[in-house]
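J.: Provided below for reference: sequence and predicted model.
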Amino acid sequence: MTSSTNLDASPTSAGIQRLVRAGIPWTAIAFLGLTAVISLLWSHSRLMWNDEFLSLWTDNAPSIGQVIQIQRSCPISLDPLFYHALAHAAIRLFGGGALAIRLPSLLGYLLMQLCLFLFVRRVASERAAVFAMAFPALTTSLYYSVEGRPYGLMLGLFALTMVSWQSATRRETARTLVLVTLAVSLALTLNTHYYGILLLAPLSIAEIFRTARRRRLDLPVVASIGLGTAGILFTVPFMKAAALYHSHYYNVVADSPRTIAQVYPELLSSYSRMPTQLDGEIGRALILLLAFVTLLGCIRQWRAGTLQLPQAEAVFLIALAALPFFGFLMARFVTHALELRFVLGAILGITALAAIGLSSFFSRKRAGNLALIALFAAIALTGIEHIYEERTATRETMSSMAVSPALKAALLAGSDRRLYFEQLKLFAVASYYEPDPELRAAMALTFSSDQEMSAAHTNTNSLTAMNMRHFTSFIIVPYDTLAAQPGDTVFVTFHQRSDNWIPRTTANTFAPARHIGAAFGGDAESIRFLP
């Protein structure tokens with residue numbers, strides 16, 4: 001009796017009961033549960049990486065006031081405040097680790113799935129709505145539910161804004177709550193990631209189209225969108241601080257619009273640590289198949305008079321699916337940086353349109369149920385693959401942290417007994433996961449803006465290192481300081497990387513490097529600088 005009572009009172013059980021009371025079917029709850037289980041196991045198997053450490057070091061500050069100060073003056077994780085505020089709160093509850101900084105992403109991803117279900121159920125069958133909520137878990141987007149960065153959260157806020165706008169436009173009265181939700185979700189989207197501003201494109205286009213059809217403004221909806229958009233003012237102080245990185249940021253947009261054509265296959269491919277040409281081919285085939293099926297299904301429903309999708313909502317979904325086009329234009333003329341994760345929101349439009357196009361198929365009970373069972377199995381199998389790949393990669397990384405006593409002595413044989421890293425990514429992983437506390441304490445980071453610019457035409461790592469000196473306890477030393485000190489200095493470099501700048505310094509800077517051995521995924525070398 002006691003165990004049953006505890007189970008009924010558990011947060012998970014209470015959450016499921018609330019979903020059931022809200023009219024969410026058990027099939028939808030099963031897919032939500034599957035996503036959560038895969039994401040948590042995947043996260044447990046996966047080591048944190050460079051960008052997550054930047055978030056962790058920022059959000060592990062003692063107070064939210066200090067987090068704000070870091071983001072306003074010396075940011076290393078270049079996002080507005082909302083994700084960092086949630087991650088900071090999670091760290092206070094669960095400690096400074098992977099679970100805490102990834103929790104906002106997982107919750108955002110689950111929110112996205114739930115909102116997709118609600119949006120599609122209003123215009124199609126319940127099984128089609130379940131397909132809409134489940135399908136993203138079969139794509140690259142699932143990866144962002146296990147990354148301690150803002151993208152999973154941004155997906156959830158995109159979806160909440162989408163379903164709030166749908167609710168507001170379908171009512172004429174008693175819509176105060178959905179109008180407030182629309183304004184708040186839009187404002188939070190803009191304060192989660194700078195590319196969240198792209199949501200204004202489909203939202204504005206759809207509302208302008210709706211106004212033209214109605215021949216009058218829906219003032220409450222327009223006011224709600226306006227108030228939400230005004231939330232961008234809160235990003236201004238953080239945007240000014242992040243602008244320091246703008247001139248020579250590591251990621252530059254491609255000159256050709258072909259960048260857009262590359263995004264869609266990547267978005268619809270299942271994430272893999274070892275992508276192959278086949279992944280790209282599958283992604284291209286899938287996007288073409290989805291486009292064909294969606295168009296054919298919508299045409300058939302329109303001819304039969306069964307299409308329940310209002311025109312304004314169709315415009316919204318089409319514009320949302322076209323988000324990579326807007327992202328490319330923003331990168332081309334404003335930010336000069338574009339990556340797949342910046343335009344992840346396109347998956348909402350693509351998935352919703354596909355589910356609506358397939359709704360006549362899902363209306364057939366047996367066929368629809370079999371399709372959902374197959375989808376469940378496919379998500380589970382790809383999830384197992386992700387977890388297996390991650391565990392393999394983790395074992396390889398952790399094995400590189402195993403240092404023999406002889407190698408340890410050689411690594412600490414420098415004149416100052418420090419172990420210097422030029423690669424921030426190597427330093428971040430090694431300084432957190434190295435099991436030997438003496439080695440961890442000896443690790444230091446070096447930087448040189450001039451050398452980094454010469455080798456890689458970017459100074460992102462150097463700017464990050466300089467800002468880290470303001471609020472982290474790491475030993476961070478300018479390269480010029482090291483070059484002036486006598487004796488031997490031990491470095492961990494990565495010769496296979498094109499941006500590895502220490503070996504590229506002029507030949508008369510130091511005597512021939514003495515190779516010590518492989519360590520921490522790189523090469524340890526002892527260097528004596530010439531006078």
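T.: In hand now; what should we look at?
J.: low pLDDT regions in the stretch 251-400 of the chain?
T.: Within the stretch 251-400 of the chain, the stretches with pLDDT under 70 are 251-256, 272-287.
J.: got the end-to-end distance for stretch 434-443?
T.: 10 Å (C-alpha to C-alpha, to the nearest Å).
J.: now do stretch 518-526
T.: Terminal-residue distance, stretch 518-526 (C-alpha to C-alpha): 12 Å.
J.: identify each buried residue in that stretch, please.
T.: 519, 520, 521, 522, 523, 524, 525, 526 (16 or more other C-beta atoms under 10 Å). Placement of C-beta: from N, CA and C, glycine included.
J.: list the contacts of it.
T.: 397, 400-401, 403, 407, 410-411, 413-414, 419, 421, 423, 426, 429-430, 434, 488-495, 513-517 (C-beta atoms under 8 Å, 6 or more residues apart in numbering).
J.: summarise which helices and strands the helix or strand hosting residue 154 is packed against.
T.: Assigned by DSSP states H and E, residue 154 belongs to helix 151-169. Packing partners of helix 151-169 (3 or more C-beta pairs under 8 Å, 6 or more residues apart in numbering; DSSP states H and E): helix 81-94, helix 98-121, helix 176-190, helix 200-214, helix 219-230, helix 311-321, helix 346-357.
J.: mind exporting stretch 374-390 as PDB, just the C-alpha atoms?
T.: Listed next in PDB are the C-alpha coordinates belonging to stretch 374-390 (Å, rounded to 0.1, in the frame of the first residue of the first chain):
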ATOM      1  CA  ALA A 374       6.700   1.000 -36.700                       C
ATOM      2  CA  LEU A 375       7.600   4.600 -35.900                       C
ATOM      3  CA  PHE A 376       7.900   3.700 -32.200                       C
ATOM      4  CA  ALA A 377      10.200   0.800 -33.000                       C
ATOM      5  CA  ALA A 378      12.300   2.900 -35.400                       C
ATOM      6  CA  ILE A 379      12.800   5.700 -32.700                       C
ATOM      7  CA  ALA A 380      13.700   3.100 -30.100                       C
ATOM      8  CA  LEU A 381      16.200   1.400 -32.400                       C
ATOM      9  CA  THR A 382      17.900   4.600 -33.500                       C
ATOM     10  CA  GLY A 383      17.900   5.700 -29.900                       C
ATOM     11  CA  ILE A 384      19.800   2.500 -28.900                       C
ATOM     12  CA  GLU A 385      22.200   3.200 -31.800                       C
ATOM     13  CA  HIS A 386      22.800   6.700 -30.400                       C
ATOM     14  CA  ILE A 387      23.500   5.400 -26.900                       C
ATOM     15  CA  TYR A 388      25.800   2.700 -28.200                       C
ATOM     16  CA  GLU A 389      27.800   5.100 -30.300                       C
ATOM     17  CA  GLU A 390      28.000   7.500 -27.400                       C
END
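J.: thinking again about what came up before, of all pairs in the buried residues of stretch 518-526, which one spans the longest distance?
T.: 521 and 526 (18.4 Å; C-beta to C-beta).
J.: now, of the contacts of stretch 518-526, which are buried?
T.: By 16+ other C-beta under 10 Å, those give 397, 400-401, 403, 407, 410-411, 414, 419, 421, 423, 426, 429-430, 434, 488-494, 516 as buried.
J.: just to revisit the earlier point, turn the helices and strands packed on helix 151-169 into TSV, including distance to residue 380 and mean neighbour count.
T.: Shown next, in TSV, are those (distance: least, C-beta to C-beta, whole Å; neighbours: other C-beta atoms under 10 Å):
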stretch	distance to residue 380	mean neighbour count
helix 81-94	27	20
helix 98-121	15	24
helix 176-190	31	22
helix 200-214	32	17
helix 219-230	37	17
helix 311-321	27	21
helix 346-357	19	26
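J.: can I get these in CSV with distance to residue 384?
T.: Formatted as CSV, the helices and strands packed on helix 151-169 follow (distance: least, C-beta to C-beta, whole Å):
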stretch, distance to residue 384
helix 81-94, 26
helix 98-121, 18
helix 176-190, 33
helix 200-214, 35
helix 219-230, 40
helix 311-321, 29
helix 346-357, 22
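J.: ok, which of the ones you listed comes nearest residue 260?
T.: helix 346-357 (10.2 Å).
J.: what's the following helix or strand after that closest one?
T.: Downstream of helix 346-357, the next assigned helix or strand under DSSP H and E is helix 359-362.
J.: what residues does that following helix touch?
T.: Against helix 359-362 from outside (C-beta under 8 Å, 6+ apart): 123-125, 127-128, 131, 297, 300-301, 306, 355, 367-368, 371.
J.: and the buried ones among those, selectable in PyMOL?
T.: Of those, the buried ones can be selected in PyMOL as follows, counting by 16+ other C-beta under 10 Å:
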select buried, resi 123+124+125+127+128+131+297+301+355+368+371
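J.: show me the contacts of helix 359-362 that map onto strands.
T.: Counting by DSSP state E, no part of the contacts of helix 359-362 is found in strands.
J.: what is the nearest of the contacts of helix 359-362 to residue 36?
T.: For the contacts of helix 359-362, the nearest to residue 36 is residue 131 (18.4 Å; C-beta to C-beta).
J.: distance-wise, check the closest one relative to residue 356.
T.: 10 Å (C-beta to C-beta, to the nearest Å).
J.: now do residue 59
T.: As judged by C-beta to C-beta, residue 59 and residue 356 stand 39 Å apart.
J.: quick check: domain ranges of this structure?
T.: 22-391, 405-528 (automatic domain parsing).
J.: got those domains as CSV, with distance to residue 13 columns?
T.: Compiled in CSV, those are given as follows (distance: least, C-beta to C-beta, whole Å):
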stretch, distance to residue 13
domain 22-391, 12
domain 405-528, 35
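J.: ok, now which ones touch residue 151?
T.: With C-beta under 8 Å, 6+ apart, residue 151 has these contacts: 105, 144, 193, 341, 344.
J.: on that earlier part again, what's the angle between the helix holding residue 154 and helix 176-190?
T.: Relative orientation of helix 151-169 and helix 176-190, computed by axes from the mean of the first three to the mean of the last three C-alpha atoms, to 10 degrees: 150 degrees.
J.: helix 151-169 to helix 98-121, inter-axis angle?
T.: Helix 151-169 runs at 30 degrees relative to helix 98-121, counting by the same axes, to 10 degrees.
J.: which residue, other than its chain neighbours, is closest to the most centrally placed residue in the chain?
T.: Central residue of the chain (C-alpha atoms, centre = their mean): residue 151, 3.3 Å from the mean position. Nearest non-adjacent residue to residue 151, counting by C-beta to C-beta, 6 or more residues apart in numbering: residue 144, 4.1 Å away.
J.: my guess is the one you found contacts residue 150, does it?
T.: No: with contact defined as C-beta atoms under 8 Å, residue 144 and residue 150 do not form a contacting pair (9.0 Å).
J.: between the two, which is the more surrounded one?
T.: residue 150 (30 against 27; other C-beta atoms under 10 Å).
J.: give the contact list for the more buried one.
T.: 79, 82, 83, 104, 105, 192, 193.
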